[in-house]
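> Task: produce atomic coordinates for the following.
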Amino acid sequence: MIFGNNLGKRTETAKQALLAYIWDQRLEVGDRLPTQVELCRRFNVGSATVDRAVRALVKEQVLESRRGIGVFVKTSRPTGYPGRAVGLVGLIDDRLHMFNWTLAYSVQNWLQQEGCQCFSFPYNTQAYEGPGVSQFPGLESNVRRGVLQGIITLSSLQPADWTDLAEAGVPTCYVGPPIAVPRGVIIDTPEFIRLALKELREQGSCRPAMLIGPTPESLHRDIQIVLTETLAQLGIQSAAADIWFEGYGIPCGRESARRCLAKPAAERPDGIVFCDDLIAQGFFAELVRLQKPHLKYLPPAVCMRNKQCDFDFATDTMVEYLVDIDRLSSLAVHMLLDLLKGNTPENQLIRYVPERVNSPTNFSGKNLTS
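Presented below is the predicted three-dimensional model:
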């Protein structure tokens, strides 16, 4: 429960159910609520409980009771009166993590728009394989006490936790990069890699490289399979392990740029796939810094980037695929709301493919030997 006006547990539960009904049905001012008999049947409570809940909301100016006629909505989408309490579970690292921050903000925004009160449960760690519920301070006790009706997680959680949460009657949805989860919205990074390598190959790339952020073991396997299959289909002779470099953020991009420039011109990557926009930013900024005033090496690239963060890349040789975090959040929140309303989503795992948005002015790039 998320209210506490000493109305008693049953009445508080009925009051919350009424508010959830107003939000879910998108009732407007003047809309009539179902009869008391129908509300009793819907909420599985007695008439006295419904009556107390209605009177409480009338007193708080959310409902209006008209003697002999019925109960009507006085305040639609009542600010300060959420219909449900939802937990937002996520990894909050000590390091800059623009994607997680933007995603968490967007999820909270969508929950509020849909009449949900959001409780955040951060966890300071660099683990990517899913901490347990008990490692998020306050989460376990709030689930046990029935405070939360649902959870959206930016972490994979442990497999047993998904089962325990389901048994506790708390539907849970994941949203974020691709990891092994039973339900949620994931960014289809393997499909992006397939599309990106195909684009580079069409430009004549024979020695592609791929830079990707930290990945869980399950994603490692998926990417390895995609790389092997795609390279074979495109007729590229490199082994998957030879083109894959993993790191984090701008420092990784800078180091990768220095590695590329240290190679003989004939051995440098002639196309690069970036699965992290911060890595791409660091890479091209370092290339420009180290080669100014004359750029001899500026490879064509394909980058997956955050739509909500307006990065400026020091290159005109890059195709961008945008990840719309607002869209990701919307899909996850509405999947959870469907579950809370008793509807089983037709698709329990949505794979979100980033959208190609531009054609660079100089996609062929440059790699001069002199």
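
> neighbouring contacts of the longest helix seen in the chain?
Ranked by number of residues, the top helix in the chain under DSSP state H is helix 217-234. Identification of contacts with helix 217-234 by CB atoms under 8 Å, 6 or more residues apart in numbering yields 129, 177-180, 189-191, 193-194, 197-198, 201, 210, 212, 215, 237-240, 243-244. Backbone N, C-alpha and C define where each C-beta goes, glycine included.

> any idea how far N358 is from A301?
For N358, the distance to A301 equals 12 Å [CB to CB, to the nearest Å].

> Between those two, which contacts overlap?
Contact criterion CB under 8 Å, 6+ apart; residues shared by N358 and A301: V319.

> So which of the two has more stuff around it?
Between N358 and A301, counting by other CB atoms under 10 Å, A301 is the more crowded of the two (28 against 11).

> if I read this right, the more buried one contacts D270, doesn't it?
No - contact status for A301 versus D270: not in contact, 10.6 Å apart, counting by CB atoms under 8 Å.

> for the stretch 51-200 of the chain, what spans make up the helices?
Secondary structure of the stretch 51-200 of the chain by DSSP state H, counting those that start in this stretch: the helices cover 98-113, 139-144, 159-167, 189-202.

> out of those, nearest to P345?
helix 159-167 (14.3 Å; CB to CB).

> contact partners of the closest one?
G130, G132, V133, V143, I151, P171, T172, V181, P182.

> So L261, which state does it fall into?
At L261 the chain is in helix, as set by DSSP: H, G, I helix; E, B strand; the rest coil.

> what about the stretch 101-250 of the chain, any weak spots by pLDDT?
Counting by pLDDT under 70, the stretch 101-250 of the chain has low-confidence residues at 124-130, 241.

> can you give me phi and psi for the residue of the chain most remote from its centre?
Note on the chain: the largest C-alpha distance from the chain mean falls to G68, namely 48.4 Å (CA atoms, centre = their mean). Torsion angles at G68 (phi, psi; degrees, to the nearest 10) stand at phi 80, psi 0.

> what sits up against stretch 278-297?
In contact with stretch 278-297 (CB under 8 Å, 6+ apart) are residues 96, 98, 211-213, 247-254, 256-258, 260-261, 265, 268, 272, 274, 298, 301, 303, 305, 311-315, 318, 366-368, 370.

> model confidence over that stretch, on average?
For stretch 278-297, the mean pLDDT works out to 92.

> Identify each buried residue in that stretch, please.
Under the neighbour-count criterion of 16 or more other CB atoms under 10 Å, stretch 278-297 has L278, I279, A280, Q281, G282, F283, F284, A285, E286, L287, Y297 buried.

> Kindly report the same for stretch 171-184.
Applying 16+ other CB under 10 Å to stretch 171-184 flags 171-181, 183-184 as buried.

> For G90, which non-adjacent residue is closest in space?
Among residues not flanking G90 along the chain, L154 sits closest, at 3.5 Å (CB to CB, 6 or more residues apart in numbering).

> quick one: the one you found from G87, how far?
11 Å.

> Next: F119.
Distance, F119 to G87, by CB to CB: 5 Å.

> Quick check: neighbours shared by the two?
Common contacts of F119 and G87 (CB under 8 Å, 6+ apart): N142, L148.

> Between these two, point out the one with more neighbours.
Higher neighbour count among F119 and G87: G87, with 24 against 19, using other CB under 10 Å.

> ok, back up a step: where strands are concerned, which of the buried residues of stretch 171-184 count?
T172, C173, Y174, V175, G176, G184 (DSSP state E).

> could you dump these to a markdown table with distance to S47?
Listed next are these as a markdown table, based on distance: CB to CB, whole Å:
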| residue | distance to S47 |
| --- | --- |
| T172 | 34 |
| C173 | 35 |
| Y174 | 40 |
| V175 | 40 |
| G176 | 45 |
| G184 | 40 |
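
> Return the member of the residues you listed nearest to A14.
T172 (25.0 Å).

> Run a quick check on the closest one versus R183, I expect a contact.
Yes - the pair T172 and R183 passes the contact test of CB under 8 Å, sitting 7.0 Å apart.

> now stretch 54-66, how far from the centre of its chain.
Chain-centre distance of stretch 54-66: 37 Å, with CA atoms, centre = their mean, to the nearest Å.
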